[in-house]
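**Q** just the structure for this:
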Amino acid sequence: MIQVKAYGILKKHLDGKDKAEFSLERGSTVSNLFRKLRKTRSDRWMVVVNGKIATENTILNEGDIVSIFEAIAGGTCTWNLEKRKFSRNAFLAEYVNMVS
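**A** Sure, this is the predicted structure:
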């Protein structure tokens, strides 16, 4: 089983729940999961698998934790948190680790 956590309005893809479990065939990718979640081509999601930024081609394995977020709009930005600089993607991965 793969655990999926949804944030914000993306919870609608989990029937309003924060998280759900899915069974996928061996070798399935994030793209295969997107089809199960009824993601449309116009949807822009950011995906983190086990605390690391993922792409649609990332292969999922038994026990993985997949977090989905709405894409963040805008250009390049950094945050300075606790004297540490984060790119947007690194910040997202750090956030997922904090809330998981």
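**Q** where does residue 60 land on pLDDT?
**A** What the model reports for residue 60 is a pLDDT of 97.
**Q** list the contacts for residue 8?
**A** Counting by C-beta atoms under 8 Å, 6 or more residues apart in numbering, residue 8 touches 69-70. Just so you know, the C-beta spots here come from the backbone N, C-alpha and C atoms, and that holds for glycine as well.
**Q** same check on residue 56?
**A** By C-beta under 8 Å, 6+ apart, the residues touching residue 56 are 29-31, 34, 47.
**Q** and if you look at residue 70?
**A** 7-10, 44-46.
**Q** all helices of the protein, in order?
**A** Counting by DSSP state H, residue ranges of the helices within the chain are 30-36, 88-99.
**Q** lowest average pLDDT across the ones you listed?
**A** Among the helices of the chain, helix 88-99 scores lowest, with a mean of 55.
**Q** thinking again about what came up before, need the contacts of residue 70 in JSON lines (columns: distance to residue 21 and pLDDT).
**A** Listed next are the contacts of residue 70 as JSON lines, based on distance: C-beta to C-beta, whole Å; pLDDT from 0 to 100:
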{"residue": "7", "distance to residue 21": "17", "pLDDT": "88"}
{"residue": "8", "distance to residue 21": "20", "pLDDT": "85"}
{"residue": "9", "distance to residue 21": "21", "pLDDT": "85"}
{"residue": "10", "distance to residue 21": "16", "pLDDT": "88"}
{"residue": "44", "distance to residue 21": "25", "pLDDT": "79"}
{"residue": "45", "distance to residue 21": "19", "pLDDT": "83"}
{"residue": "46", "distance to residue 21": "21", "pLDDT": "86"}
